[in-house]
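[1] Show me how the following folds:
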Amino acid sequence: MYALDNSSMNQTSTLNAPPAEGTQALVRQEICSVAVVRRVAAMLDLEPDAIAEGDAMPRGWQFVLMGADTRRSALRADGFPGLGVAMPDLGLPRLLLGGRTVSYLKDIPIGSRVARSSAMESLKRKTTESGPMAIAAIVHELRLAGDAAPALVETQTYLLLPARNAPAIEDVSSRQAEVSAERTRNVVPDETLLFQYSALGFNSHKIHIDRSHARRVEGFPDLVVNGGLATLLLTEFLRQDLGLVPSGIKVRHLTPLYCGRPITLAADRLGGNWQLKAYDHRNVLAVDMEVHTQ
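    Presented below is the predicted three-dimensional model:
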């Protein structure tokens, strides 16, 4: 899922902003199974047999431990299985990912048992130049069995938006200059990659798997690349091409990326850390990631 660009975030007034206090955390017991981690490797076209029980799960692959187990009858109309916690119906049917922050505090061994705790950190309703919207921040903590402190803390920020009255028109005239960076790599996400990522995360949001819904209901020109998948492509670029291990990342989603269209991944040093970016087929900045390394 992807957020709109920053112009949609200009706040003109703030409505009711329910406090996060008192929200009930959802706790699930997960297993970081070697079979599932091998499937992530296969999806990324890596050798599954190189994955062994007891190895540290690569940082960035934790999405397989965060899938919501929402019953099919309880799915949102757009197919999204939920944010991991209960949320009131705000009358805003479109949901897009705005960003995430992740703190990697300890490696998660493959084969280990993990407790996942998910809770709503904040829920704010706003009006903007584009109309009403809401911003929901959900925090997930992963703890290894027997540990008091979390191994990983991830906060995901979502935008809830009103329905579109007409399909959006893609701006094909806004191609930017060629991307210049210290390191770059080009990838083209196809339908198979979107399907496999959605399946591994148990994410049935229709903008990623139903082209008709993406175009006719949501107003996108094609299937939308999962926001989490774009993040994964960047963390794999960091891991495989740069040989770096993140201790934390902060991600902002600025404009959608689409199935079948090339993405340019770019990396530059930023002081003692790194700045990673993903550009769409027009060389427009789509994802911005600040990386802290070990």
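[2] Run through the residues that contact the closest residue to residue 59 other than its chain neighbours.
    Distances taken as Cβ to Cβ, 6 or more residues apart in numbering put residue 104 closest to residue 59, at 5.0 Å, once the chain neighbours are dropped. C-beta here means a position set from N, CA and C on the backbone, and glycine is covered the same way. Contacts for residue 104 (Cβ atoms under 8 Å, 6 or more residues apart in numbering) come out as 59, 151, 152, 246, 247, 248.
[3] For beta bridges, what are the partners of the fourth one?
    Read it as residue 246. Beta-bridge partners of residue 246, counted by DSSP bridges, are residue 293.
[4] Report pLDDT for it.
    At residue 246, the pLDDT value in this model is 97.
[5] neighbours of it, just the number please.
    23 (other Cβ atoms under 10 Å).
[6] mind checking how far it is from residue 105?
    The gap separating residue 246 from residue 105 is 12 Å, by Cβ to Cβ, to the nearest Å.
[7] just residue 131 next, same as before
    Counting by Cβ to Cβ, the gap from residue 131 to residue 105 is 39 Å.
[8] Residue 75 now?
    Shown here: residue 75 relative to residue 105, a distance of 32 Å by Cβ to Cβ.
[9] Residue 90 now?
    Distance of residue 90 to residue 105, given as Cβ to Cβ: 33 Å.
[10] now the chain, which segments are flagged as low pLDDT?
    Counting by pLDDT under 70, the chain has low-confidence residues at 1-23, 166-173.
[11] Now do the contacts for the spatially most distant residue from the centre of it.
    Largest separation from the mean C-alpha position in the chain: residue 146, at 28.3 Å (Cα atoms, centre = their mean). Neighbouring residues of residue 146 by Cβ under 8 Å, 6+ apart: there are none.
[12] Please report the separation between the first and final residues of stretch 217-234.
    By Cα to Cα, to the nearest Å, the extent of stretch 217-234 from end to end equals 29 Å.
[13] Leaving out chain neighbours, which residue sits closest to residue 134?
    Per Cβ to Cβ, 6+ apart, closest to residue 134 is residue 160, 4.2 Å.
[14] Kindly report the same for residue 195.
    Nearest non-adjacent residue to residue 195, counting by Cβ to Cβ, 6+ apart: residue 209, 6.3 Å away.
[15] May I have the residues that are in contact with the one you found?
    Residue 209 touches 79, 194, 195, 198, 223, counting by Cβ under 8 Å, 6+ apart.
[16] measure the third one to residue 224 for me?
    With distances taken as Cβ to Cβ, residue 195 is found 13 Å from residue 224.
[17] ok, the two, which is more surrounded?
    For residue 195 versus residue 224, neighbours defined as other Cβ under 10 Å are more numerous around residue 224 (25 against 15).
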